[in-house]
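In: sequence and computational prediction follow.
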Amino acid sequence: MNIFRELKRRGLIAQTVREKETEELLSGERVKFYVGFDATADSLHIGGLLQLITMRRLQQAGHYPIALLGTATTMIGDPTGKTDMRKMLDGEQIAYNAECFKEQMSRFIDFGEGKAEIVKNGDWFSDIKYLDFLRDVGRHFSVNKMLTAECFRSRMEKGLSFLEFNYMLLQSYDFLHLYRTKGVKLEIGGDDQWSNILAGADLVRRVERGEAFAMTLALITTKDGQKMGKTEKGALWLDGKKCPPYDFFQYFRNVDDGDVIKLMKMLTFIPIEEIEETEKSLSGSDCNLAKERLAFEVTSLVHGAAEAEKARKAARDVFGASGDSDDMPTVKLTDGDFVDNKICILDLLVKTGLCDSKRQARINAEQGGVSVNGVKITDANAMIEISDYVVARRGKKNFVKATR
């Protein structure tokens, strides 16, 4: 099976420019392609994971990935999917974020000499004069056509800044620059970037009369069409400090039954034939086994097999007979948290991160959703004695070991 058909079979491809020619391109010569990542945070999240995995698939098929860090475009801000203008970051923060991205990307892509590379668009935009850019690039863009793009159209009612309006031109120029300097023929990105990616391929054809291809990846959504990747504690980050491996594992262990096969296809390297066989008989306990396999495979990719095994063992122990595990999430309390060796249940829930506030903790307790060492606690004023540790739980799936 060629790599293009593999991507299609896994449900990864959303849109392409000239699908037949794109398949022929990826089935023939070694292709240089790029994916852009704006450095808006100090960690990538689940959306970036899909792109990194796809880059790895293509590299394994013999192609040459280029990871473009948007150190310049991040200063402008992509209006795509935003209801308001994105928070402006300074150059120092953007540079730091970009370095964090590089470390995370190296877990997925082999950046050995002649195999792949990382570039920063700040390196070429810093030398471009604005008037020259308008004359050489801006003249190829129709404002009327740009305003029909969803990334701009959805913002017109609340207001679209001129700063953000330039984003499409900058991203398009990235493709032109990489085509000229590195022979890049294909840009890949999330499907919400279709307008920007399409504009880049069109700019290459207009200016260089060259072949340029565009391909977008399906967004990771639930069976109801909602974007995935949000947890109760925030975004599903790839950084273990922002989203611990156990929480990451549990996110995928608890996905809806209707999403498990799709996520297996998109986010794991389990052979597609094996996944399709699993799909034929997926029900009941088999579905739980499939979810655990999914969680283990994805956590292994992001955090390594050792951390994935710890997370799997912790989940099995906690939800099994023992109700405890050395590898489960743990919070160390201080002496100042106690009065006569006891801590109020509300404080315990907040300090362990099980609840965001005492108000939420009180509601959860009074509704019967809180337990300590397997004993339900409904009294919001209850004082919990901790000599060594306790296991506090909120609901069925949220728990933390609190130690002294």
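Out: That came through fine.

In: and residue 274, how many neighbours?
Out: If you count neighbours by other CB atoms under 10 Å, residue 274 ends up with 12. Where you see a C-beta, it was placed from the backbone N, CA and C, and this is true even at glycine.

In: what about it, distance to residue 293?
Out: According to CB to CB, to the nearest Å, residue 274 and residue 293 sit 10 Å apart.

In: quick check: neighbours shared by those two?
Out: Counting by CB atoms under 8 Å, 6 or more residues apart in numbering, residue 274 and residue 293 have no common neighbour.

In: just the pLDDT at residue 128, thanks.
Out: The model reports residue 128 with a pLDDT of 93.

In: part of a strand, is it?
Out: No - read with DSSP: H, G, I helix; E, B strand; the rest coil, residue 128 is coil and lies in no strand.

In: give me the number of residues near residue 395?
Out: The number of residues packed near residue 395 is 12, by other CB under 10 Å.

In: that one and residue 305, how far apart?
Out: Distance, residue 395 to residue 305, by CB to CB: 29 Å.

In: ok, now residue 280?
Out: Relative to residue 305, residue 280 is positioned 28 Å away (CB to CB).

In: quick one: residues contacting the residue nearest the centre of the chain.
Out: Centroid-nearest residue in the chain: residue 46, 1.7 Å away (criterion: CA atoms, centre = their mean). Listed by CB under 8 Å, 6+ apart, the contact set of residue 46 reads 220, 228, 229, 235, 236, 238.

In: go with 7 Å
Out: Neighbour list for residue 46: 220, 228, 229, 236 [criterion: CB atoms under 7 Å, 6 or more residues apart in numbering].

In: spatially nearest residue to the second one, not counting backbone neighbours?
Out: In this structure, residue 228 finds its nearest non-sequential neighbour in residue 220, 4.6 Å apart by CB to CB, 6 or more residues apart in numbering.

In: ramachandran angles for that neighbour?
Out: Backbone torsions for residue 220, taken as degrees, to the nearest 10, come to phi -80, psi 110.

In: hmm, it is touching residue 229, no?
Out: Yes - using CB atoms under 7 Å, residue 220 is in contact with residue 229, at 6.4 Å.

In: name the residues contacting each of the two.
Out: With contacts taken as CB under 7 Å, 6+ apart, the residues that reach both residue 220 and residue 229 are 46, 47.

In: tell me where the stretch 101-250 of the chain has strands.
Out: Secondary structure of the stretch 101-250 of the chain (DSSP state E, counting those that start in this stretch): strands at 117-120, 186-190, 213-217, 230-231, 234-235.

In: packing partners of the host helix or strand of residue 316?
Out: Applying DSSP states H and E as the criterion places residue 316 in helix 305-319. Judged by 3 or more CB pairs under 7 Å, 6 or more residues apart in numbering; DSSP states H and E, helix 305-319 is in contact with helix 245-253, helix 285-303.

In: what's the closest of these to residue 215?
Out: Of all the helices and strands packed on helix 305-319, it is helix 285-303 that lies closest to residue 215, at 21.7 Å by CB to CB.

In: what's the closest one in contact with?
Out: Helix 285-303 is contacted by residues 49, 238, 240, 245, 248-249, 252-253, 255, 257, 260, 263-264, 267-268, 270, 278, 282, 307-308, 311-312 when judged by CB under 7 Å, 6+ apart.

In: thinking again about what came up before, list the buried residues of the helix holding residue 316.
Out: Buried positions in helix 305-319, judged by neighbour count with 16 or more other CB atoms under 10 Å: 307, 308, 309, 310, 311, 312, 314, 315, 317, 318.

In: I'd like those as JSON lines, with pLDDT and distance to residue 9 appended.
Out: Listed next are the buried residues of helix 305-319 as JSON lines, based on pLDDT from 0 to 100; distance: CB to CB, whole Å:
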{"residue": "307", "pLDDT": "94", "distance to residue 9": "30"}
{"residue": "308", "pLDDT": "95", "distance to residue 9": "25"}
{"residue": "309", "pLDDT": "94", "distance to residue 9": "29"}
{"residue": "310", "pLDDT": "90", "distance to residue 9": "32"}
{"residue": "311", "pLDDT": "90", "distance to residue 9": "29"}
{"residue": "312", "pLDDT": "90", "distance to residue 9": "28"}
{"residue": "314", "pLDDT": "83", "distance to residue 9": "34"}
{"residue": "315", "pLDDT": "82", "distance to residue 9": "30"}
{"residue": "317", "pLDDT": "75", "distance to residue 9": "37"}
{"residue": "318", "pLDDT": "69", "distance to residue 9": "36"}
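
In: just put the residues you listed in a markdown table and tack on distance to residue 382.
Out: Output for the buried residues of helix 305-319, formatted as a markdown table (distance: CB to CB, whole Å):
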| residue | distance to residue 382 |
| --- | --- |
| 307 | 34 |
| 308 | 36 |
| 309 | 36 |
| 310 | 31 |
| 311 | 30 |
| 312 | 33 |
| 314 | 26 |
| 315 | 27 |
| 317 | 26 |
| 318 | 22 |
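
In: which one among these gets closest to residue 16?
Out: residue 308 (33.2 Å).
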